[in-house]
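A.B. asks: Predicted model follows, preceded by the sequence.
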Amino acid sequence: MTDEDKSKEGNVEGTINAVTGLAKAVPVYEDAIQPAAKEIGKALGTVAKTVNVALAPVKGLVWGYEQIEEFVSSKVSEKLQNTPEEEIVTPKPNVAGPALESLRYTGHEESLRELYANLLAASMDSMTSARAHPGFVEILKQITPDEAKLLKLFTHHRPFPLLDVRQESTEAGKRGGRDILKSFSTLGEEAGCENANLTPSYLDNLSRLGLIEIPTFFEYTAPNVYDQLESHPTIESIKQQLNNLPNQQCQIQRRGAQVTQLGRQFINICVIDHAAKRPPKP
């Protein structure tokens with residue numbers, strides 16, 4: 001065997017020994033972390049069980065075919081009770097399909113369920129089917145039950161006053177301030193919202209969806225429209241606190257919400273009871 005062969009053999013043997021040594025070391029390393037891994041596994045198992053328990057009620061809320069079929073045959077039929085049979089038409093698939101699919105996840109919410117029923121009924125009534133826009137399903141999927149309750153308020157032609165409250169500096173050369181409240185109102189309480197304190201966020205979302213607008217430089221000019229809001233205990237408390245601070249004052253800006261053209265169509269189709277649009281059958 002030449003010196004070169006011996007050198008190659010030595011390199012091969014060295015490599016084999018190194019790999020063998022690493023292979024033997026791995027089980028030792030695994031044994032070292034195994035207790036910790038087992039503990040982590042136990043912890044993850046506990047979390048998984050907790051998550052399953054938390055999700056269990058949700059699984060029960062997801063509607064199946066039978067629940068949706070019952071909904072259509074009862075609630076939607078009720079909405080069409082005053083519609084002549086010859087004027088009940090097959091709904092457009094791009095309205096009925098997404099609406100029925102979305103009901104699987106929102107059917108348990110009564111206020112939203114009512115809006116879906118009106119939309120489906122409108123899409124099946126020849127008098128209103130053209131105004132049952134496919135985009136309305138997407139809007140319904142993006143509103144909360146509380147926002148559905150707020151939309152019922154917007155069925156009425158009345159003022160919807162809002163107030164913005166700011167803290168402003170009166171110190172010379174240091175003008176500026178910060179918002180304390182935006183779009184303050186009592187609309188949430190009037191609508192019976194579960195989380196009335198979130199009404200400003202609800203209004204922002206309805207505005208984002210194009211159903212209402214809150215113009216920057218708009219306020220109602222009718223007398224006494226803002227009296228109730230400006231004398232509200234929340235506003236009075238903030239005014240007192242800010243006006244007692246040095247070089248600070250409370251600034252109140254009157255604003256108002258208005259229903260858009262799209263919002264009016266959505267309300268007419270989805271919010272107003274469809275059965276009420278037809279005179280009762282003789």
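C.D. replies: That came in fine, so what should we check first?

A.B. asks: Name the SS class of Thr216, please.
C.D. replies: coil (DSSP: H, G, I helix; E, B strand; the rest coil).

A.B. asks: Quick one: residues contacting it.
C.D. replies: Residues near Thr216 by C-beta atoms under 8 Å, 6 or more residues apart in numbering: Arg255. To be clear about C-beta, it is placed using only N, CA and C from the backbone, and glycine gets the same treatment.

A.B. asks: Isn't Ile68 up against Gly107?
C.D. replies: Yes - between Ile68 and Gly107 there is a contact under C-beta atoms under 8 Å: 7.0 Å.

A.B. asks: Apart from its chain neighbours, what residue comes closest to Asp179?
C.D. replies: Leaving aside its chain neighbours, Asp179 sits nearest to Arg166 (5.6 Å; criterion: C-beta to C-beta, 6 or more residues apart in numbering).

A.B. asks: residues near that neighbour, how many?
C.D. replies: As a burial measure, Arg166 scores 17 neighbours (other C-beta atoms under 10 Å).

A.B. asks: for Phe160, same thing?
C.D. replies: Neighbour number of Phe160 under other C-beta under 10 Å is 21.

A.B. asks: Next, the contact list for the closest residue in space to it that isn't next to it in sequence, please.
C.D. replies: Nearest non-adjacent residue to Phe160, counting by C-beta to C-beta, 6+ apart: Ala257, 4.1 Å away. Ala257 sits next to Phe160, Leu162, Ser183, Leu203, Ser207, Ile212, Glu213, Ile214 when contact means C-beta under 8 Å, 6+ apart.

A.B. asks: Name the SS class of the third one, please.
C.D. replies: Spelled out, it's Ser183. Applying three-state DSSP: Ser183 is strand.

A.B. asks: Now do the closest residue to it other than its chain neighbours against Asp227, distance only.
C.D. replies: Using C-beta to C-beta, 6+ apart and skipping residues adjacent in sequence, the residue nearest Ser183 is Pro200, 4.2 Å away. Using C-beta to C-beta, to the nearest Å, Pro200 is found at 20 Å from Asp227.

A.B. asks: neighbour-wise, which of the two wins?
C.D. replies: Set side by side, Pro200 and Asp227 show more neighbours around Pro200, with 18 against 10, by other C-beta under 10 Å.

A.B. asks: what lines up beside the helix or strand encompassing the residue nearest to Asp179 in the sheet?
C.D. replies: Taking DSSP states H and E as the criterion, Arg166 maps to strand 161-169. Here strand 161-169 is paired, per DSSP bridges, with strand 177-184 (antiparallel), strand 248-256 (antiparallel).

A.B. asks: From the chain's centroid, how far away is the helix or strand following the last one?
C.D. replies: It refers to strand 248-256. Past strand 248-256, heading to the C-terminal end, the next element that is a helix or strand (DSSP H and E) is strand 258-259. Averaging C-alpha positions (C-alpha atoms, centre = their mean, to the nearest Å) puts strand 258-259 20 Å from its chain's average.

A.B. asks: Can you name the residues in contact with the helix or strand following strand 258-259?
C.D. replies: Going down the chain from strand 258-259, the next helix or strand is helix 261-266, by DSSP H and E. For helix 261-266, the surrounding residues in contact (C-beta under 8 Å, 6+ apart) are Arg131, His133, Phe136, Ile139, Leu151, Phe154, Leu206, Gly210, Leu211, Ile212.

A.B. asks: try it again with 6 Å
C.D. replies: With C-beta atoms under 6 Å, 6 or more residues apart in numbering as the test, helix 261-266 has contacts from Phe136, Gly210, Leu211, Ile212.

A.B. asks: before we move on, the earlier item: for the contacts of Ala257, pick the one with the most neighbours.
C.D. replies: Among these, Leu162 has the most neighbours (other C-beta under 10 Å), with 25 neighbours.

A.B. asks: shouldn't that one be in contact with Arg254?
C.D. replies: No - Leu162 lies out of contact with Arg254 (C-beta atoms under 6 Å); the separation is 7.9 Å.

A.B. asks: so what's Ser256 bridging to?
C.D. replies: For residue 256 the amino acid is Gly, not Ser. If you apply DSSP bridges, the partners that Gly256 bridges to are Pro161.
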